[in-house]
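>>> Sequence first, then the predicted structure:
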Amino acid sequence: MNRPFKPDLALEKRLSDKLLDVFIRAGLVIALVMLCYRIFSPFLGLMMWALILAITLYPLHQKLAGGLGGRQGRAATLLVLAGIALVVVPTALLASSMGDSIHHLIASVKDNSFAIPAPPEKVADWPVVGEKLAAAWSMAHSDLPAFMQKLQPQIGDLAKKALGMVASIGSGMLMFLFSFIIAGVIMAFGESGERGARAIFHRVAGQARGEEFNKLSTATVRAVAMGVIGVACIQAIIVGLALLVAGIPWAGVLALIMLLLGIAQIPALLVTLPAIAYMWTIGDYGTVAAASYSVLLIVAGSADNVLKPLMLGRGVDAPMPVVLLGALGGMAASGILGMFVGATLLALGYQIFMGWVAAGDEVEPAEDDSQPVA
């Protein structure tokens, strides 16, 4: 005879109490994480950029510290000062040039001193857009105030965006300065930081996989930051300074375009060749000066051919569209600083994900090709 089932009320109470205890603890942990994130979020971009700089420059810092008798703090200080002198100062000059160009353009439009040359006759023969473009160009040449009045809403929005971009560059440079200083502090305590990062990866992914992800993360950050972003930034600064020396207008804007082209791995000739053509066609340069500046711009535009073998090493494993999307998405989200952080983070995420996929393929057992014996 089957006895009726009697639930163990004591066991159910213990289980419900344990489950309630787990939920309460999980809720407290989630609340603590959210509060910590809310407090830390204003400094997230700053700390991420500082960490990327520290990881990228740490091998150079160690070599410099070795030459100084192992003085980690002194080596970090010298590296930060050198970085400020070599990066921040030229970038500030280019940003100032961009701001001056934009203000000059707005002022010349307001006092009707801005002039547009007549369009070439061949423009009207261009397919699809030739006639409309020639008509608008001719109107702008003959009656610029009326043309500007027609485009007043668009020009006002464009001017606001341009001035906002200049302000964003200024705040980005200030944040870059602070992040460079914080990166120096991180490098001064690099050994303990490296042990902490390794311990975190081991805790998250296990001993073997954590060590692999630690090395992969470090290598990817250095490859992307130095081989792609670093080369593009250095070349943009070199080309921008060459444009300033040559007296080319809008040197700051052209340097920013050069930076985006460098990240996209597009040749610098798209910027330097029009600048060289401008010098030879306007007639304001002597033959010797135009030739000298042309050589200077060609050499500056070819700097990536020297920098890439030195800084890229064995190359970036992440596909270039991943790096480009990360850079553009980061710039849209957080300005100039976000461009560096976005490209590095997206490439790092891609590398970790593909490493995880490859590791899963490796642990699958090989198929047994042997035939059963009859």
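Ah, there it is.
>>> Near Ile52, how many other residues are there?
A count of nearby residues for Ile52, using other C-beta atoms under 10 Å, gives 23. Just so you know, the C-beta spots here come from the backbone N, C-alpha and C atoms, and that holds for glycine as well.
>>> again, but for Met48
Counted with other C-beta under 10 Å, the neighbours of Met48 add up to 19.
>>> And for Lys132?
With other C-beta under 10 Å as criterion, Lys132 counts 11.
>>> ok, which stretches of the stretch 201-350 of the chain are helices?
207-222, 231-246, 251-263, 269-282, 287-301, 303-311, 320-363 (DSSP state H, counting those that start in this stretch).
>>> Take those helices and write them to a markdown table, including mean pLDDT and mean neighbour count.
Shown next, in a markdown table, are these (pLDDT from 0 to 100; neighbours: other C-beta atoms under 10 Å):
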| stretch | mean pLDDT | mean neighbour count |
| --- | --- | --- |
| helix 207-222 | 75 | 17 |
| helix 231-246 | 82 | 23 |
| helix 251-263 | 77 | 22 |
| helix 269-282 | 80 | 16 |
| helix 287-301 | 84 | 16 |
| helix 303-311 | 71 | 15 |
| helix 320-363 | 74 | 18 |
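>>> would you turn those into TSV with distance to Ser171?
Listed next are the helices of the stretch 201-350 of the chain as TSV, based on distance: least, C-beta to C-beta, whole Å:
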stretch	distance to Ser171
helix 207-222	24
helix 231-246	17
helix 251-263	15
helix 269-282	25
helix 287-301	27
helix 303-311	27
helix 320-363	7
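>>> looking at those helices, which is closest to Met48?
helix 320-363 (5.1 Å; C-beta to C-beta).
>>> That closest one: how far from the chain's middle?
11 Å (C-alpha atoms, centre = their mean, to the nearest Å).
>>> Equivalent analysis for stretch 33-42, please.
24 Å.
>>> just stretch 66-80 next, same as before
Using C-alpha atoms, centre = their mean, the offset of stretch 66-80 from its chain centre is 27 Å.
>>> Go through that stretch and flag the buried ones.
The neighbour-count check on stretch 66-80 (16 or more other C-beta atoms under 10 Å) flags Gln72, Ala75, Ala76, Thr77, Leu78, Leu79, Val80 as buried.
>>> Closest one of the residues you listed to Gly196?
Gln72 (15.9 Å).
>>> mind putting the buried residues of stretch 66-80 in TSV, distance to Gln207 and secondary structure included?
Shown next, in TSV, are those (distance: C-beta to C-beta, whole Å; DSSP: H, G, I helix; E, B strand; the rest coil):
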residue	distance to Gln207	secondary structure
Gln72	28	helix
Ala75	32	helix
Ala76	31	helix
Thr77	36	helix
Leu78	37	helix
Leu79	33	helix
Val80	35	helix
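>>> Distance-wise, check Arg222 relative to Ala268.
23 Å (C-beta to C-beta, to the nearest Å).
>>> repeat for Lys132
Using C-beta to C-beta, Lys132 is found at 32 Å from Ala268.
>>> And for Ile229?
Counting by C-beta to C-beta, the gap from Ile229 to Ala268 is 16 Å.
>>> now swap in Ala291 and tell me
Separation of Ala291 from Ala268 (C-beta to C-beta) stands at 19 Å.
>>> Pretty sure Ala327 sits against Ile229.
Yes. With contact defined as C-beta atoms under 8 Å, Ala327 reaches Ile229; the gap is 7.4 Å.
>>> who's in contact with the residue nearest to Leu79 when sequence neighbours are not counted?
In space, Leu79 comes closest to His61 once its chain neighbours are excluded; the distance is 5.6 Å by C-beta to C-beta, 6 or more residues apart in numbering. Applying C-beta atoms under 8 Å, 6 or more residues apart in numbering, we find His61 in contact with Gln72, Ala75, Ala76, Leu79, Met187, Gly190.
>>> change it to 10 Å
54, 72, 75-76, 78-80, 183-184, 186-188, 190 (C-beta atoms under 10 Å, 6 or more residues apart in numbering).
>>> Many thanks, have a good one.
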